[in-house]
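K.L.:
Build me a model:
(one chain, ligands or ions: 1)
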Amino acid sequence: MRKPIIAGNWKLHKTVEESRQLIKALAEGLKDVTDVEIVVAPVFTSLESVVAAAKGSPIAIAAQNCYPAPSGAFTGEVSPALLKDVGCIGAIVGHSERRQLFGESNAFINNKVQALLAADLRAIFCIGETLDERESGRMYDILTMQVKEGLAGLTPEQMAKVVVAYEPVWAIGTGKTASNEEAEEAHAFIRGLLQGNFNEKVAENTPILYGGSVKPGNVDGLMAQEDIDGVLVGGASLVAEDFIRIVRFERTEPAQH
Ligand code: PEP
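P.N.:
Predicted coordinates:
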């Protein structure tokens, strides 16, 4: 059984003090949770304060990005080693905003995954198709390449530190969510890719999160899908009440396929 993972991506929001307020509210509201892995990803400048404020709570802290080198002349960048130093458990990599706005390629994202694993950190590895790619029938080719190139060179053992997040770009921050069926279909396909690229055990054990306008009102249906092991939440993770409700999703038997 894969333990559910609920992750919040705070993106470029909140000062240190605002971040501290939010994590305090989450830590209080989620202190009794043991059956879900909870992760939040604040901006770099808030990481240290949020790690300190989350201490003793079930909430782990990740970064939203990293640079694939341990140190060196890389002005403006932050390495996995430095993230580990402030208490992060890992980082989100390959988010569609970084792919689109900063031109990150599958190969560069692969370097980041490798760098995180080399530092013994976890990689929350995001993939997903644009609306144009979906509508022109290229969605499966895109997902296939993103998985093949983004996870290239990893051993099945290293995959134990990787969480895949399927985030259809057209559903991010748009209020449009994939239907439960659309999301499950993509997740089942991605699980098949993990089997093909690695093996049955990796396919069985790797958590695959859904992301894209997840809210308190749609999380239960998504989490009821057999291959959806958790969610990566943007906007709703900035509102304590909403994120707490998402972590406390209602459990039902997975739909049979
Ligand atoms: C995200 O940023 O990863 C995301 C899924 O955002 P939102 O929930 O706001 O669509």
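K.L.:
Up against the ligand, what does the stretch 101-250 of the chain have?
P.N.:
Residues of the stretch 101-250 of the chain found near the ligand (CB under 6 Å from any ligand atom) are 167, 172-173, 211-214, 232-235. In this view, the C-beta of every residue, glycine as well, is placed from N, C-alpha and C.
K.L.:
which one among those residues gets closest to the ligand?
P.N.:
Among these, residue 234 lies closest to the ligand (CB to the nearest ligand atom), at 2.1 Å.
K.L.:
and the nearest residue to that closest one once chain neighbours are set aside, how many neighbours does it have?
P.N.:
Sequence neighbours aside, residue 9 is the residue nearest to residue 234 in space, at 5.1 Å (criterion: CB to CB, 6 or more residues apart in numbering). Residues near residue 9, counting by other CB atoms under 10 Å, number 26.
K.L.:
Same question for the one 4 residues further on.
P.N.:
By the other CB under 10 Å criterion, the neighbourhood of residue 13 contains 16 residues.
K.L.:
re earlier: on the strand side of things, show who the residue nearest to residue 234 bridges to.
P.N.:
residue 41 (DSSP bridges).
K.L.:
and the gap between it and residue 101?
P.N.:
14 Å (CB to CB, to the nearest Å).
K.L.:
do the same with residue 162
P.N.:
Residue 162 sits 24 Å away from residue 101, going by CB to CB.
K.L.:
same deal with residue 117?
P.N.:
From residue 117 to residue 101 the distance is 25 Å (CB to CB).
K.L.:
Please identify which of the two sits among more neighbours.
P.N.:
Neighbour count, other CB under 10 Å: between residue 117 and residue 101, residue 117 has more, with 21 against 9.
K.L.:
What is the neighbour count of the residue nearest to that one when sequence neighbours are not counted?
P.N.:
Once flanking residues are discounted, residue 117 sits nearest to residue 158: 5.1 Å by CB to CB, 6+ apart. Neighbours of residue 158 under the rule other CB under 10 Å: 18.
K.L.:
need the strands for the protein, in chain order.
P.N.:
Ranges of strands in the chain, per DSSP state E, are 5-9, 37-41, 59-63, 90-93, 122-127, 162-166, 208-211, 230-233.
K.L.:
All the helices of this structure, residue numbers only.
P.N.:
16-29, 47-54, 80-85, 96-101, 106-118, 131-135, 139-150, 180-197, 200-205, 219-223, 240-247 (DSSP state H).
K.L.:
can you pull the buried residues of the fifth one?
P.N.:
For helix 106-118, a neighbour-count test (16 or more other CB atoms under 10 Å) marks 106, 108-117 as buried.
K.L.:
now swap in the second one and tell me
P.N.:
By neighbour count, with 16+ other CB under 10 Å as the criterion, the buried positions of helix 47-54 are 47-51, 53-54.
K.L.:
I'd like those written out as TSV, with distance to residue 85 and pLDDT added.
P.N.:
Listed next are the buried residues of helix 47-54 as TSV, based on distance: CB to CB, whole Å; pLDDT from 0 to 100:
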residue	distance to residue 85	pLDDT
47	10	98
48	9	98
49	15	98
50	15	98
51	10	98
53	17	98
54	16	98
